[in-house]
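Novice: fold the following and give me the result.
(chains A and B)
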Amino acid sequence: MLILTCPNCGLTADETELSPGGEAHLKRFGPGSEDIDFEGYLFHRANPKGVHFERWRHAYGCGKWFLAARDTATLEVYGTYPAQTTEPPAEIIARITARHPDWSPT
Amino acid sequence: MSTRLATGGRLVNRGAQIEFSFNGKRLQGFLGDTLASALLANGQVLVGRSFKYHRPRGIVASGPEEPNALVNLGEAGRFEPNQRATTTELFAGLSARSQNHWPSLEFDIGALNSYAARVLPAGFYYKTFIHPRPFWKHVFEPIIRHSAGLGAAPKDRDADRYEHFYVHVDVLIVGGGVAGLQAALKAGAEGKRVLLIEQTAAWGGRAPVDGGDIDGTMAEDWVNATLQTLGNMSNVTLRPRCMGAGVYDHGYVLAYEHVSDHTPGTDAPRHRLWRIRAGHVVTATGAIERPLSFAGNDVPGVMLAAAVRDYVVNFGVSPGDRTVVVTNNDDAYRTAIILHQAGLSVPCIVDARPQADGELAMQAKALGIRVATGTGIAAVRGGKRVTGVALCRQAGEGATTEEIACDVVAMSGGWSPVVHLWSHCGGKLVWDEARACFRPDPDRPPRGADGEAFVSVTGAANGDFALGEILPDARVEEPSEMPLLPVWMMPQGAGIAKRAKMWLDFQNDVKVSDVQLAAREGYESVEHTKRYTTLGMATDQGKLSNINGLAVLSHALNAPIPQVGTTTFRPPYTPISMGAIAGEARGDIFQPVRRTPIHDWHEDNGAAFEPVGQWRRPYCFPRGQESQAEAVAREITATRNSLGLLDASTLGKILVKGPDAGRFMDMLYTNMMSSLKPGRCRYGLMCNENGFLMDDGVVARLDEDMFLVHTTTGGADHIHAHMEDWLQCEWWDWQVFTANVTEQWAQVAVVGPNARKVLQKLGGDLDLSAEALPFMGWAEGRIGDFDARVFRISFSGELSFEVAVPASRGRAFWEALHEAGAEFGATAYGTEALHVMRAEKGFIMIGDETDGTVIPQDLGLDWAISRKKEDYLGKRAQARAHMTDPARWKLVGLQTLDGSVLPDGSYALAPGHNANGQRNTQGRVTSTYHSPTLGYGIAMGLVLNGPERMGEVLSFNTVGDATVEARIVSPVFYDPEGEKQNV
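Specialist: Predicted structure coming up:
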């Protein structure tokens, strides 16, 4: 059972307080978009063994969504950050590359 | 015969004799006995039968690794199968029965399987029960079902209670042996919050039996002194009878405490599940002795060497008079020495190693015990009890060199560290060639959130078997030990006849020959071999058999052991009770029930409830001897003819407020909501990004920047979450707040031709006339003494007012309506009447007409989909090719020709059959009811090209062969012009 820190209320929360929301930083494609783009947005998800960016909601706490950078294999947490962003903050990237020098955001 | 010795037994209280029963026989034991030691004390060596061949089985071990001594324990509400006798503490009145035999333990018909063993090899079931195909269902499966399972299933409700316990600690130490106590001492002295748990009732692990001196005192005295020191530390908690069951992500650990198993019937819970969050976990879980693979190693009386001396030292029980010790290491010599000191006979120590000149071997020899080196066991004599062994050269093929009479064989193939907890959360293992064991790899530990190891290992669990290795800073005196010789088969050149009698898994009857057969048949992966042979799949999960089986497999594959690898270690370490998993969550508090402010009235008035989400809603209110169907019909008739009242408080109510509320509402709903005028209501549809309909309901615009969203009863929470998701994660710059106010309001639907009259009779300051409050309008004011919001909306087709009052006033308002409505025959109605009336009107219901694959266009709801809006959630998906396919099934009404009610979920049949030989279909029933208003069965369904096929008759299937004919009609059966609701 994971522990994540909610960046909104600052609480260190057990996984039972949280609800998962899948991959983070998806770009929404709406009416008028190409089939291939829309398909990617709706259905295609990364499933890496390693660094992953995820959406979580502090469902039984402050109720706010936040994002987490996490290693799916070692369970290391590189950090959590507010959901109101389109890409991971620099300090999170720095923490990941410190651990995985050959990793790069795709 | 096994028996109680005249003296000794450090764990039993000889002054406290207690009575118990085994297979109905009354026996005596002492307080402090385990069931296993008490059975041995009573000469009961045969305790069960194996799973496949029904071979006689005796006690092998003295701890949780025991594969054989499993019993049906207790009676009625305290009955539980597959309880290990070796870990069951004896209590007065304990009643146990042996398992897996018929008609009796001594004489078992199933033992005939044993004679057929040659034709029942590994994979027998897979190979045999395939053909002929029909035999599976009618012949094989019934036979297998009859013989499956060891113990009997409990039949009664569990009489005990269970609880969960939550705790946070800095350091959790699992295992109360010397290594665990030392770890607790260190962490305790550093001021950390420490929890030390031990699965047995006694502390000290193996040290009190195996001896050695620590800092000038005997190991047992050191243990007691350390316990006292720890007991005086306020930051250290000690728990015996508490097993570390599983280690999970980020330091989460489950532990399983036997609180009152040994004192049944007391007030205490039976088991307690500890849910521990530990900053660091130390596993000091010790090691488990390995059996040796020689022919006949499963005969009752063949035991683990350490278990033999445990019974002597801990319980004062002799497993037999004459014990042959067979070993590949020095440790087993302790057993011979202890037996000799207890006055028992050890005719020979059979050591597979070419030399035996370690300190323990010299001690044994000095006591006059014969040591035969380079020697193995060729065969064990005896059936239900060992009568002797035949010796052979370990290097040879097993020609008998000598026969020795004995009644116990004490075997030791070395020790395997208990690495389960280390492995549960991703810790990896290395193969230690010198010690012939897997042990934790310190470079690949389970990692926590910070990326650092959160589990460490100490003591025998780490492969450090000697006290001196565990306590490097202490002055330890113990005999030094010579290296062991890995022996995976005895003798090393044994032929097939012997290999087919060398048991690896005693419970599941897996032998050396089975694993070798699996390898020959191409099972190279250890995980596949496990499932093919059932090696390690018994209730002990391979605690005894896995390493021996792996070694045999690796030899058969000619690959090194670490390359073959281990199977996956999964929690729990030993089985835990279902009761402990459930904890307090049973009966009434299994799941909290949500109650509306009017719920008590429903209970008082005989409501038949149905679950709707976590709510309980009245299905109907039967009166007297009335059936539920009769009650529903009466409620509908009363409502359509005069006045019905529905508790609609469970409907979801969500406020959406802010300057961008209209814009947000337009994205949520398929239709235009921003154009709604304050004071007005509009029905709307909500889709997900897949385009599928997820919820519907009426929206009221409260003022320029505030909307009140009504959702379905089950939808309130997830629709609110859906709104927040989009607001927080996609449109975070939009100025909108949402609030789920479902429970702030009690809501009553006042329905029927007399609805207006009863509200007007209550008085107040609201003008409820058709002119002042037209259909799809809402108003706020007072009705009688009640602050109220009145929505003129209808889900029944009748004149209808949904009135919301503050939750605290709900019950009073409901009763006031009944009192004022008495003259109109005011009738409370339930969810079934609600459903029938909405179906009569052709209104869809989320969850009936929708199932997550239905789009609004399928339901003829195109009128509620805005063509003007550039975007809404689901719009892009609804433009996908499959969504615009004209062949999608569409909503129609269905009316049976004979007036009957169509079966729910029934399919409309189409000509021909599909590839699986099933009838082709062209539609399905989504809602079906008897309409008391119309006097016949009505239904809605989705049908291929349905709206264009009005009047056509389709055949619908039933559970049997019969079909039901129904005509395609408009889904609006009742008052198609809507005259009744708009008055």
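
Novice: run a quick neighbour tally on the residue nearest to B:Gly542 when sequence neighbours are not counted.
Specialist: Sequence neighbours aside, B:Gly536 is the residue nearest to B:Gly542 in space, at 2.6 Å (criterion: CB to CB, 6 or more residues apart in numbering or on different chains). Every C-beta, even on glycine, is put in place using the N, C-alpha and C of the backbone. B:Gly536 has 26 neighbours, counted by other CB atoms under 10 Å in any protein chain shown.

Novice: can you check A:Asp14 too?
Specialist: A count of neighbours around A:Asp14, defined by other CB under 10 Å, yields 17.

Novice: A:Thr12 too?
Specialist: Taking other CB under 10 Å as the neighbour definition, A:Thr12 ends up with a count of 11.

Novice: can you check the pLDDT for it?
Specialist: Reported pLDDT at A:Thr12 in the predicted model: 94.

Novice: just B:Ala721 next, same as before
Specialist: Spelled out, the predicted local distance difference test score at B:Ala721 is 94.

Novice: regarding it, what is its secondary structure?
Specialist: Assigned by DSSP: H, G, I helix; E, B strand; the rest coil, the conformation of B:Ala721 is helix.

Novice: and if you look at the one 10 residues further on?
Specialist: For B:Trp731, the assignment made with three-state DSSP gives coil.

Novice: name the element the nearest residue to it once chain neighbours are set aside belongs to?
Specialist: Sequence neighbours aside, B:Phe664 is the residue nearest to B:Trp731 in space, at 7.0 Å (criterion: CB to CB, 6+ apart). Per DSSP states H and E: B:Phe664 is located in helix B:661-668.

Novice: now do the buried residues in that helix.
Specialist: Of the residues in helix B:661-668, those with enough neighbours to count as buried (16 or more other CB atoms under 10 Å in any protein chain shown) are B:661-662, B:664-668.

Novice: CA atoms of it as PDB?
Specialist: Listed next in PDB are the C-alpha coordinates belonging to helix B:661-668 (Å, rounded to 0.1, in the frame of the first residue of the first chain):
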ATOM      1  CA  ALA B 661     -20.800  27.700 -14.400                       C
ATOM      2  CA  GLY B 662     -22.900  28.000 -17.600                       C
ATOM      3  CA  ARG B 663     -19.900  27.300 -19.800                       C
ATOM      4  CA  PHE B 664     -19.000  24.300 -17.600                       C
ATOM      5  CA  MET B 665     -22.600  23.000 -17.700                       C
ATOM      6  CA  ASP B 666     -22.500  23.100 -21.500                       C
ATOM      7  CA  MET B 667     -19.400  20.900 -21.400                       C
ATOM      8  CA  LEU B 668     -20.900  18.400 -19.000                       C
END
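
Novice: contacting residues for the residue nearest to B:Ala189 when sequence neighbours are not counted?
Specialist: Excluding the flanking residues, the one nearest B:Ala189 by CB to CB, 6+ apart is B:Met233, at 7.9 Å. Applying CB atoms under 8 Å, 6 or more residues apart in numbering or on different chains to B:Met233 gives the contacts B:188-189, B:194.

Novice: so what does B:Met233 look like in phi/psi?
Specialist: In this entry, B:Met233 is assigned phi and psi values of phi -90, psi 120 (degrees, to the nearest 10).

Novice: name the nearest residue to the residue of chain A most remote from its centre, ignoring sequence neighbours.
Specialist: For chain A, the largest distance from the centre (CA atoms, centre = their mean) belongs to A:Gly32, which lies 27.4 Å off. Once flanking residues are discounted, A:Gly32 sits nearest to B:Arg876: 7.7 Å by CB to CB, 6+ apart.

Novice: for that neighbour, report the pLDDT, please.
Specialist: We have a pLDDT of 97 for B:Arg876.

Novice: so it sits right up against A:Phe38, yeah?
Specialist: Yes: counting by CB atoms under 8 Å, B:Arg876 sits close enough to A:Phe38 to count as a contact (5.7 Å).

Novice: of those two, give the one with the bigger neighbour count.
Specialist: It is B:Arg876, of B:Arg876 and A:Phe38, that has more neighbours when counted by other CB under 10 Å, with 24 against 20.

Novice: roughly how far does the more buried one sit from B:Thr884?
Specialist: For B:Arg876, the distance to B:Thr884 (CB to CB, to the nearest Å) stands at 12 Å.

Novice: how far away is B:Glu965 from B:Leu897?
Specialist: The spacing between B:Glu965 and B:Leu897, counted by CB to CB, is 5 Å.

Novice: list residues touching both of those two?
Specialist: B:Val953.

Novice: what sits against the residue nearest to A:Gly32?
Specialist: Under the criterion of CB under 8 Å, 6+ apart, the neighbours of B:Arg876 are A:29-33, A:38, B:689, B:691.

Novice: how many neighbours does B:Gly77 have?
Specialist: Summarising burial for B:Gly77: neighbours were counted as other CB under 10 Å, giving 12.

Novice: list the contacts for it?
Specialist: B:Gly77 sits next to B:156-160 when contact means CB under 8 Å, 6+ apart.

Novice: hmm, stretch B:708-724 touching chain A?
Specialist: Yes: if you take CB under 8 Å from any CB of the partner chain as the test, stretch B:708-724 does meet chain A, through B:721, B:724.

Novice: and the stretch 401-550 of chain B, which residues reach chain A?
Specialist: Listed as neighbours of chain A in the stretch 401-550 of chain B under the rule CB under 8 Å from any CB: B:425-426, B:447-451.

Novice: beta-bridge partners for the residue nearest to B:Arg239 when sequence neighbours are not counted, please?
Specialist: Residue nearest to B:Arg239 in three dimensions, not counting chain neighbours: B:Ile197, with 4.7 Å by CB to CB, 6+ apart. With beta bridges defined as DSSP bridges, B:Ile197 has these partners: B:Val174, B:Arg239.
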